[in-house]
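**Q** the sequence and its predicted three-dimensional model are supplied below.
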Amino acid sequence: MTELRASDEDRDRVITVLHAAVGDGRLDPVEFDERLDAALTARTVAALTPLVADLVAEPGGFGALALPADPPAESLTIKEKHGSVRRDGRWTLPRRLELRTAWSDVLLDLTGAVRSGPELVIEMRVSGGAVELLLAPGMVVDANELSVRHGVVDIARDGDDGTPQTLRVRLVGRMRHGRIGARWQAARRTAIGS
């Protein structure tokens, strides 16, 4: 019997459950990354089912899982103390990302991320350490709602190279004794005459 192929909606439903599980501490960041990669590359429903079977109320086949039909306003919380966090590659951006870090280095590479809307709100509660944003052309950063004490905000330019705006990153909350920086990946140019 042929296995049922997974749709984009099936993958999105699983990713929503994974985001909720890492946000409330049921998955650690390493296991979340492993399961997220597996969900993004899953070809069948059978490959998706074990990724969330221990995270939902009703174990069993994929159709019996208690997955939300319409994902709620997506939120992801990253917590770290005296360590480092790196999010890069193909990962799904929530609508709201909460950074709860103390004396940690955080790299958020948004260049290959899957966007869930036109705006990403990063709510910061950062004490010490550094937060670095790597952005693609067309992304803009708004730090007007971020309160900084004894720290550095290094967003020297907005990456405006004429590319239409694709994502607005809004920084809110507070940072103490830390540094936040943003840099833009150069637009790829095609060689003439090659």
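**A** Great, that's in hand. Residues are numbered from 1 along each chain as shown.
**Q** which stretches of the chain have low pLDDT?
**A** 1-2, 57-73, 156-163, 187-194 (pLDDT under 70).
**Q** switch the cut-off to 90
**A** 1-33, 36, 39-40, 42-50, 52-76, 89-95, 111-119, 136-139, 155-167, 185-194 (pLDDT under 90).
**Q** buried ones in the longest helix along it?
**A** Counting by DSSP state H, the longest helix found in the chain is helix 8-23. Residues 10-11, 13-23 are the ones in helix 8-23 that count as buried (16 or more other Cβ atoms under 10 Å). To be clear about C-beta, it is placed using only N, CA and C from the backbone, and glycine gets the same treatment.
**Q** including distance to L36, could those residues go into CSV?
**A** Shown next, in CSV, are the buried residues of helix 8-23 (distance: Cβ to Cβ, whole Å):
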residue, distance to L36
D10, 14
R11, 10
R13, 13
V14, 9
I15, 7
T16, 11
V17, 11
L18, 6
H19, 9
A20, 13
A21, 11
V22, 9
G23, 13
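**Q** and which of these is nearest to V85?
**A** V22 (11.6 Å; Cβ to Cβ).
**Q** that older thread, ok, the buried residues of helix 8-23 vs T92, which is closest?
**A** Taking Cβ to Cβ as the measure, T92 lies nearest I15 of the buried residues of helix 8-23, at 5.3 Å.
**Q** contacts only, for that closest one.
**A** By Cβ atoms under 8 Å, 6 or more residues apart in numbering, I15 lies in contact with L36, A39, L40, T92.
**Q** among these, which ones are buried?
**A** Of the contacts of I15, these count as buried by 16+ other Cβ under 10 Å: L36, A39, T92.
**Q** with adjacent residues omitted, what lies nearest to the last one?
**A** For T92, the nearest residue in space outside its immediate sequence neighbours is V114; the separation is 4.6 Å by Cβ to Cβ, 6 or more residues apart in numbering.
**Q** equivalent analysis for the first one, please.
**A** Excluding the flanking residues, the one nearest L36 by Cβ to Cβ, 6+ apart is L18, at 5.8 Å.
**Q** what would the contacts of I15 look like in a markdown table with secondary structure and distance to S147?
**A** Shown next, in a markdown table, are the contacts of I15 (DSSP: H, G, I helix; E, B strand; the rest coil; distance: Cβ to Cβ, whole Å):
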| residue | secondary structure | distance to S147 |
| --- | --- | --- |
| L36 | helix | 31 |
| A39 | helix | 36 |
| L40 | helix | 35 |
| T92 | strand | 28 |
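**Q** could you check how far stretch 87-97 is from the centre of its chain?
**A** Chain-centre distance of stretch 87-97: 2 Å, with Cα atoms, centre = their mean, to the nearest Å.
**Q** in that stretch, what's buried?
**A** Buried residues in stretch 87-97 (16+ other Cβ under 10 Å): R87, W91, T92, L93, P94, R95, R96, L97.
**Q** so which of those are in strands?
**A** Of those, the ones assigned to strands by DSSP state E are R87, R96, L97.
**Q** nearest to A47 among these?
**A** R87 (23.1 Å).
**Q** that closest one against D109, yeah?
**A** Yes. Using Cβ atoms under 8 Å, R87 makes contact with D109 at a distance of 6.5 Å.
**Q** having no further points to raise, I will conclude here.
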